[in-house]
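> The amino acid sequence is not available; the structure is as follows:
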Ligand code: ADP
Ligand code: MG
């Protein structure tokens with residue numbers, strides 16, 4: 001179901017595009033161009049440098065892909081290069097360019113790590129017109145003499161802000177230096193922090209900027225919510241989201257570490273959920289198989305690191321879960337943008353522990369978003385048990401020192417003092433003094449801080465204890 005607002009009323013056929021491209025597009029069933037395509041393609045066709053910002057899933061690939069294919073000739077010389085931050089994205093962009101060119105006959109070759117160097121060298125030596133790849137292998141192939149950066153006239157950076165951040169910028173500068181004959185440069189992304197635009201100004205002059213006004217990101221219509229939940233119960237909340245999945249849903253679950261991706265896929269399969277993991281430490285052929293099976297819909301649940309946060313286009317993705325909140329604010333926009341593509345609907349859940357509240361506020365403030373708190377979804381009709389049980393989560397109740405406030409129904413009227421109460425706890429529950437924090441005595445009740453490692457045991461031991469003849473009520477305060 002495509003929401004028509006994703007498209008303009010400009011038809012591809014109203015442009016005098018290369019006939020092979022027009023034929024391919026109409027065979028694909030595309031008729032109208034998207035907003036970014038309407039603005040960027042004519043500029044790029046006229047030879048201008050373009051910095052294009054547009055929401056996730058709005059057709060940026062074709063916005064730089066169509067003019068790139070048009071200006072490239074099938075003559076065996078390398079003329080254009082497109083650089084992406086991940087191998088999966090390089091493959092996807094190359095696939096899209098491949099069908100977009102129709103029968104134009106350009107050799108479009110991917111160049112990324114984890115694949116056989118000799119095979120790749122041979123392909124490049126056989127003649128190539130467009131390369132799509134990641135920086136490391138592009139540099140390697142160039143140094144080995146198989147990839148002639150000197151002959152390239154068109155450079156595109158997809159996810160350009162990522163390509164120009166500290167991690168990749170030195171590599172990109174090296175590549176730029178080799179490209180003595182660069183004539184056109186195109187930068188595309190959904191996010192363009194100011195410092196990135198400044199960095200871009202050092203190597204492109206007089207670019208046309210196609211951007212949303214006031215540089216604010218424009219975020220697709222995605223229902224965004226957060227669940228306040230500590231580490232111990234994230235899996236429970238995920239279970240709730242998973243049992244509510246419909247047959248047509250596909251889900252991406254983002255975590256911040258590769259280890260967590262592995263752990264999560266093991267745990268979920270233990271609970272009977274079919275989920276596959278994807279991260280950068282896996283062998284490339286496995287990464288390829290996994291992303292393919294997710295793209296073709298045979299796998300419904302993908303657990304991944306930010307390796308899949310940018311660019312990956314799977315139109316069936318209806319739900320994104322931030323199992324961990326991302327560390328940088330841009331990632332949030334890109335992660336949730338894996339759903340809600342081309343005007344479709346999507347839902348994004350973020351799990352937020354008490355420690356993460358500040359980061360959530362920062363994300364919401366940066367992008368001017370409302371990410372309201374929600375309960376975990378209820379169990380669907382007919383399901384009466386949680387797929388993954390909820391645990392008492394002392395960490396969520398504890399303060400910064402790991403102390404949990406325990407309320408107790410005895411106070412000064414019952415003869416409690418700081419000293420007698422501390423002694424009573426340490427004797428009855430065999431607690432080390434260090435496990436007892438501040439004690440605050442009121443008239444008929446007191447509050448005693450107990451370390452979170454001990455509080456479970458304390459609750460058990462102290463149940464039904466008596467104090468000077470009164471039985472005692474323990475109550476954990478939140
Ligand atoms: P972005 O790079 O902006 O996130 P993509 O280039 O990945 O978006 O495009 C998102 C999806 O929309 C892709 O599946 C793409 O094939 C499709 N698409 C792009 N342009 C059009 C169009 N004009 N009409 C229909 N579908 C389109
Ligand atoms: Mg893209």
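Sure, I can see it. Please read all numbers here as calculations on a predicted model, not as lab measurements. Ligands and ions are numbered 1, 2, ... in the order given.
> Residues of the chain that sit close to ligand 1?
30, 33-34, 37, 54, 56-62, 313, 315, 341-342 (C-beta under 6 Å from any ligand atom). All C-beta atoms are positioned from the backbone trio N, CA, C, and that covers glycine.
> strands paired with the worst-scoring helix or strand of the chain on mean pLDDT, and their directions?
Lowest by mean pLDDT, DSSP states H and E among the helices and strands of the chain is strand 470-471, with a mean of 78. Strand pairing for strand 470-471, determined by DSSP bridges: strand 466-467 (antiparallel).
> Quick one: buried ones out of the residues of the chain next to ligand 1?
Buried by 16 or more other C-beta atoms under 10 Å: 30, 33-34, 37, 54, 56-62, 313, 341-342, out of the residues of the chain next to ligand 1.
> Strands - which of the residues you listed land there?
33-34 (DSSP state E).
> Which two of the buried ones among the residues of the chain next to ligand 1 have the greatest separation?
Greatest spacing in these, by C-beta to C-beta: 30 and 56 (18.6 Å).
> now stretch 64-73: mean pLDDT?
Throughout stretch 64-73, pLDDT has a mean value of 98.
> so, in contact with ligand 2 or not, it?
No: using C-beta under 5 Å from the ion, stretch 64-73 never reaches ligand 2; the gap is at least 9.2 Å.
> Show residues contacting that stretch.
Contacts to stretch 64-73, defined as C-beta atoms under 8 Å, 6 or more residues apart in numbering, come from residues 17-18, 21, 37, 40-41, 44-45, 50, 52, 79-80, 82, 93, 96-97, 100-101, 104, 106, 129-130, 153-154, 156, 158, 184, 186, 188.
> redo that, cut-off 7 Å
In this structure, residues lying in contact with stretch 64-73 by C-beta atoms under 7 Å, 6 or more residues apart in numbering are 17-18, 21, 41, 44-45, 79-80, 96-97, 100-101, 104, 106, 129-130, 154, 156, 186, 188.
> Buried by neighbour count, from these: which ones?
If we count by 16+ other C-beta under 10 Å, the contacts of stretch 64-73 have these buried: 17-18, 21, 41, 44, 79-80, 96-97, 100-101, 104, 106, 129-130, 154, 156, 186, 188.
> Which of the residues you listed fall in helices?
21, 41, 44, 96-97, 100 (DSSP state H).
> Could you tell me the per-residue confidence at the residue in the stretch 351-478 of the chain that ligand 2 sits nearest to?
Closest contact between the stretch 351-478 of the chain and ligand 2, by C-beta to the ion, is at residue 367 (18.2 Å). Note on residue 367: pLDDT of 92.
> Tell me how many other residues surround it.
Neighbour count of residue 367, defined by other C-beta atoms under 10 Å: 17.
> where do the helices sit along the stretch 101-250 of the chain?
117-125, 135-143, 160-163, 169-178, 194-200, 234-243 (DSSP state H, counting those that start in this stretch).
> So for residue 335, which of those helices sits nearest?
Nearest to residue 335, of the helices of the stretch 101-250 of the chain and by C-beta to C-beta, is helix 160-163 at 12.8 Å.
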